[in-house]
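>>> Here is a sequence with its predicted model. Questions after.
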Number of protein chains: 2
Amino acid sequence: MSDPPDPGARPARGVSRRTLLGLAAGATLGAAAGVGVSAVRHDDATTAADQTVDFFGAHQAGIATPAQDRLHFAAFDLAPGVRRGELVELLRTWTGAAARMTLGQDVGTGAVTGAAASPPDDTGEALGLPAARLTLTLGFGTSLFAGEDRFGLAARRPPRLVELPGFPGDALDPARSGGDLCVQACADDPQIAVHAIRNLARLARGTASVRYSQLGFGRTSSTSTSQATPRNLMGFKDGTANVKAEDTAAMARHVWVRRGDGPAWMTGGSYLVSRRIRMLIEPWDSTPLTEQERVIGRAKGSGAPLGGEHELDALDLGRSDARGRPLIDPAAHVRLAHPSHNGGAALLRRGYSFVDGTDELGRLDAGLFFLAYQRDPQTQFARIQAALAGKHNDALNEYIQHVGSGLFACPGGVRPGGYWGQALFS
Amino acid sequence: MSDPPDPGARPARGVSRRTLLGLAAGATLGAAAGVGVSAVRHDDATTAADQTVDFFGAHQAGIATPAQDRLHFAAFDLAPGVRRGELVELLRTWTGAAARMTLGQDVGTGAVTGAAASPPDDTGEALGLPAARLTLTLGFGTSLFAGEDRFGLAARRPPRLVELPGFPGDALDPARSGGDLCVQACADDPQIAVHAIRNLARLARGTASVRYSQLGFGRTSSTSTSQATPRNLMGFKDGTANVKAEDTAAMARHVWVRRGDGPAWMTGGSYLVSRRIRMLIEPWDSTPLTEQERVIGRAKGSGAPLGGEHELDALDLGRSDARGRPLIDPAAHVRLAHPSHNGGAALLRRGYSFVDGTDELGRLDAGLFFLAYQRDPQTQFARIQAALAGKHNDALNEYIQHVGSGLFACPGGVRPGGYWGQALFS
C-alpha cells in the first residue's frame, strides 16, 4: 500500500494539481518534489475557494453538501484474512489520500514523480483539473460487523444497522448489493469522481477490492435551498420535498445520528441506504401524460402537486375535485412517500441518474441510483419503502424495479490528524 | 411513429424549452401549444447563442464541432421486414426531432402537452435545460448495404465502406459491434445527450431498435485549437496531434469525403470508425512512470514528446540519447500511430472516456470509446491500426483491448427542408 507522507494531516498548504503542472512545465518539478510538496503554497489564484469542500469537520462531507452534479460510488469487500490492524491502516491511508484529493491535490507525491521501479502515487487523469467540489463519504456495511466477527467489531454494531427487510417486487442482484465498505464520491466533474474512486481502489489493493461501482451522470436531488430541483429520467422534478441542509431542525431530526441513538462512534454520522432502481423507460415513455402525472402526483411541467400551481406548493393530500375524487391519487408516489403517510419519516435524498448502455433486449439499462441519508434506516427508509413497495401500493411500481441495495453506517466527521471512522476502533 | 408537425423544416423561431416552462408556469401553455409552438419566438435571453450548434449545413455537425464534454452513442438495427419507405420516413422523423433538440427544443409538441390517451411527444428530462451545444451525427452501417439488399441500396454502397479487417488482439463482442445506423449525440450536459438518444430511440419504435449504446463521461480529444488537450484514463494527454477543425487543408485531406471519392451521396460526409477500447486499468496503475512514458512516448505531466519540453513540440522520431538509444521507443504508441509511420494517414479523433462499473473480477470496466472520422477507413484507420495491433507492435497493447467495433458512412450535411442522408435515397 502506498502511503502518503503525512496521512491524516490537513494538507491545506499542499501543492495543487494546477500548481504542480506549472512547476512541471517550468522544469523545476524534480527539485520541488524533492524538497517536499507541502512547502509550496496552495495556489488560490487558480483554484477558486468554492471549488473545494472541507474534508474535515463535525460531519462527513457529501451529506449536507449541496449535491454535486456527478457521482462515482463504490462498494468494497475486504480480502479474506485481512485483520483489524490492516483495516485501520487502509482507513488511515485512505484518509490521507481523500484529504489531498478533496483539495484538488494528487495522491501522495503525485502522478509525475516516482522511482524508476515503482508506479507513481497517483494515476494522473485529474492533473490540471480543479477539485470540482469533490467530497468523499465513507460507510461501513452490515457485513463488517457480521459473521465470524473478523475485526472484533460485533459488539460495536449499531442496533440500527440491521439488514433491510426484503420488499415485495425487489429483484436484487447480490453482486450489486451490500459491501463491507462504501465510498460515495461526488464532484462537479465526472473525471474527478472517477479519479478519486480509482485511486482509493488502487491504495486498497491486497486489502479490499471493489465489489460493485456505479457512475451517476446527473444529480436528481437538491440538498440545499440554493439549488434548483433537477429532473429524473422519468422527466419529473425529483426531490422537491427533500430535507434541505439549511433546515437544521430537519437535519437534526431526520439525518444526523445523535448521542443516545446508538454507539457513541456513530454520533454525528448518518445511515446511508443505496438502491439501484432501474426505470422501465420504454413502458413509461408509452404512457399518456395524465397517467404519468397520476402515478407521480405532480404536474410534469411545473412540478407542482396536482391541484397546485407552483413546484413548492404544499401537498394537500385531502383535496378533491368537483366530483369528489382526490386530486392526488390514492396510489400516487408523492402521497405514499409523504411523511404524513409514514409517521413523519423523511430522508435526505442524494441520488443520481444512470445509463449503463442497453440490455440484451435493447432496452436502456437506466434509472436512479438512489442514495438516502437518515438517523435510523429501520424507521425511515424501511418504513417508507414498506409503504411504497408492492403491486397494490405505489402506482410507480409498474415502471421501476429495485435491482441493488446497500446499507451503510457512515460515521461522524474526521478531525485533522485523525482518520476515517477512527471512533469505531478506539 | 410520432411525427413532428413540420419535419425537416428549420425551426429557428420555435419555442425553447425554457420559454415553454415560462409559459407553463403562466398557465397559458395549453393556448400556446394549441396555436402551434412555432409562432413563439426563440428566447435569446435565456439561451446563449453559443450553446446551440447549427444542425443544418454543408457537413453534419458533431464532426468538426469543438468536441463537447459528454457523449451518448447508439447503434440501431432496423427491424425485420422494414422497407425502404419506412426507413426514409424514420430519417425524416428523426431529422425533425434532431433539428428541434439541437435548438434546445423538445420533440414535437413537447413533454407537457398531449392527448389524454397518448403519450407526450417528448420524454421531458431536458425540460428547462439549454441546448448545451448538442450535436447529432448520423451514420449508415455496412449492414445496411449488405446481405439480401433489403433497401435496394447495394449499388450505392461506397467502395470504401468495406468491413474492417480483423486485427491481432481484437476481442470484439458482436453485441457491441456493427449496427445498421448509428447516432452520435454530443453535448456539454450528459442529460441532454441522454435525452436526445432516448427520444430518437422512442421515435424509432417498431422500425429500429438500439443494438448497443455507450455513455462517455469525458472527452479525450480536442478537435479545435481553442481547446485544451484533456487526459484519458491512462492519465496522459490524448489527441495532442489530432486533426483540428481550423486546419482546413488537413480537414479536406483527411476528413471530408470529396466528389470522386465514391458515390455522390457521400460528398461532404465522412467515415466513422468506433472502437470500444477497454483499458486494463489495474496493470497500468502498477506500471512505473518511466515505463508508462516509454509505452506512450510522451511525458505524463506536460504531454511533451519524450526529449521535448512542451506539449505541442513536434515529434522528432529520429532523436537519440547520448548512448544512441532512440528517445522515443521503437514500440511507443506515438511513433507507431504517427502519420510518418503510416504513409501520411491521420484521423480526426473524437473519443470519450467511459466507466461502466466493474466486471465480475472487480476490475473497472473502463476505457476509451474511440471515435474517429476520415475520408477512407481502409487507408486511414485500418492502415494505422494494422501498424499498432499485435503483441510485437504498439507497447500499449499490453494495457488495452478492443472489445467493440463499428464502421459507418456519415453522409454530408442536411439542408433545411431536407432530411438526414436524403442523397442516398434520391
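Arrived safely, thanks for sending.
>>> mind checking which helix or strand the closest residue to chain B within the stretch 1-150 of chain A is in?
Closest residue of the stretch 1-150 of chain A to chain B, Cβ to the nearest Cβ: A:Gly124 (2.5 Å). C-beta here means a position set from N, CA and C on the backbone, and glycine is covered the same way. Assigned by DSSP states H and E, A:Gly124 falls within no helix or strand.
>>> burial count for it?
28 (other Cβ atoms under 10 Å in any protein chain shown).
>>> SS state for the residue of the stretch 251-400 of chain A found nearest chain B?
Here the residue of the stretch 251-400 of chain A nearest chain B is A:Gly301; by Cβ to the nearest Cβ that distance is 3.7 Å. Under DSSP: H, G, I helix; E, B strand; the rest coil, the three-state class of A:Gly301 is coil.
>>> ok, it touching B:Gly128?
No. The criterion here is Cβ atoms under 8 Å, and A:Gly301 misses it with B:Gly128 at 9.2 Å.
>>> Which residue, other than its chain neighbours, is closest to the residue nearest to the spatial centre of chain A?
By Cα atoms, centre = their mean, the mean C-alpha position of chain A lies nearest to A:Gln184, the distance being 4.0 Å. Nearest non-adjacent residue to A:Gln184, counting by Cβ to Cβ, 6 or more residues apart in numbering or on different chains: A:Thr137, 4.3 Å away.
>>> Show me what whichever strand or helix holds that neighbour is packed against.
Assigned by DSSP H and E, A:Thr137 belongs to strand A:135-141. Contacts defined by 3 or more Cβ pairs under 8 Å, 6 or more residues apart in numbering or on different chains; DSSP states H and E place strand A:135-141 against helix A:84-102, strand A:181-187, strand A:400-410.
>>> mind showing which ranges of chain A have poor pLDDT?
A:1-16, A:18-50 (pLDDT under 70).
>>> the helices in it, which residues?
A:17-25, A:29-34, A:84-102, A:190-203, A:248-254, A:281-285, A:289-296, A:333-337, A:381-388, A:422-425 (DSSP state H).
>>> Highest mean neighbour count out of these?
Ranked by mean neighbour count under mean count of other Cβ atoms under 10 Å in any protein chain shown, the helices of chain A are led by helix A:190-203, which reaches a mean of 26.
>>> Counting by contacts, list what that one packs against.
When contacts are defined as 3+ Cβ pairs under 8 Å, 6+ apart, helix A:190-203 packs onto strand A:70-78, helix A:84-102, strand A:181-187, strand A:208-216, helix B:281-285, strand B:352-358, strand B:364-374.
>>> could you dump these to JSON lines with distance to A:Ser274?
Listed next are the helices and strands packed on helix A:190-203 as JSON lines, based on distance: least, Cβ to Cβ, whole Å:
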{"stretch": "strand A:70-78", "distance to A:Ser274": "7"}
{"stretch": "helix A:84-102", "distance to A:Ser274": "19"}
{"stretch": "strand A:181-187", "distance to A:Ser274": "7"}
{"stretch": "strand A:208-216", "distance to A:Ser274": "8"}
{"stretch": "helix B:281-285", "distance to A:Ser274": "23"}
{"stretch": "strand B:352-358", "distance to A:Ser274": "14"}
{"stretch": "strand B:364-374", "distance to A:Ser274": "19"}
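>>> Identify whichever of those lies nearest to A:Ala345.
Smallest distance to A:Ala345 across the helices and strands packed on helix A:190-203 (Cβ to Cβ): 21.8 Å, for strand A:181-187.
>>> relative to strand A:70-78, how tilted is that closest one?
For strand A:181-187 against strand A:70-78, the angle by axes from the mean of the first three to the mean of the last three Cα atoms, to 10 degrees is 160 degrees.
>>> Any buried residues in stretch A:116-126, and which?
Neighbour-count burial for stretch A:116-126 flags A:Pro119, A:Pro120, A:Asp121, A:Asp122, A:Thr123, A:Gly124, A:Glu125, A:Ala126 (criterion: 16 or more other Cβ atoms under 10 Å in any protein chain shown).
>>> How about stretch A:161-180?
A:Leu161, A:Leu164, A:Phe167, A:Gly169, A:Asp170, A:Leu172, A:Arg176, A:Ser177, A:Gly178, A:Gly179, A:Asp180.
>>> Which pair of those spans the longest distance?
So, these by Cβ to Cβ: farthest apart are A:Gly169 and A:Asp180, at 27.0 Å.
>>> just to revisit the earlier point, closest to B:Gln68 out of the helices and strands packed on strand A:135-141?
strand A:181-187 (18.9 Å).
>>> Pull the residues that contact that closest one.
Contact with strand A:181-187 is made by A:62, A:65, A:67-78, A:94, A:131-141, A:144, A:192-194, A:196-197, A:200, A:208, A:272, A:274, A:350, A:371, A:406, A:408, as judged by Cβ atoms under 8 Å, 6 or more residues apart in numbering or on different chains.
>>> Give me the angle between that strand and helix A:84-102.
Computed with the same axes, to 10 degrees, the direction of strand A:181-187 lies at 0 degrees from that of helix A:84-102.
>>> Relative to strand A:181-187, what are the paired strands and their orientations?
Next to strand A:181-187 in the sheet, as set by DSSP bridges, lie strand A:70-78 (antiparallel), strand A:135-141 (antiparallel).
>>> can I get these in a markdown table with distance to B:Ala111 and mean neighbour count?
Output for the strands paired with strand A:181-187, formatted as a markdown table (distance: least, Cβ to Cβ, whole Å; neighbours: other Cβ atoms under 10 Å in any protein chain shown):
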| stretch | distance to B:Ala111 | mean neighbour count |
| --- | --- | --- |
| strand A:70-78 | 24 | 25 |
| strand A:135-141 | 32 | 27 |
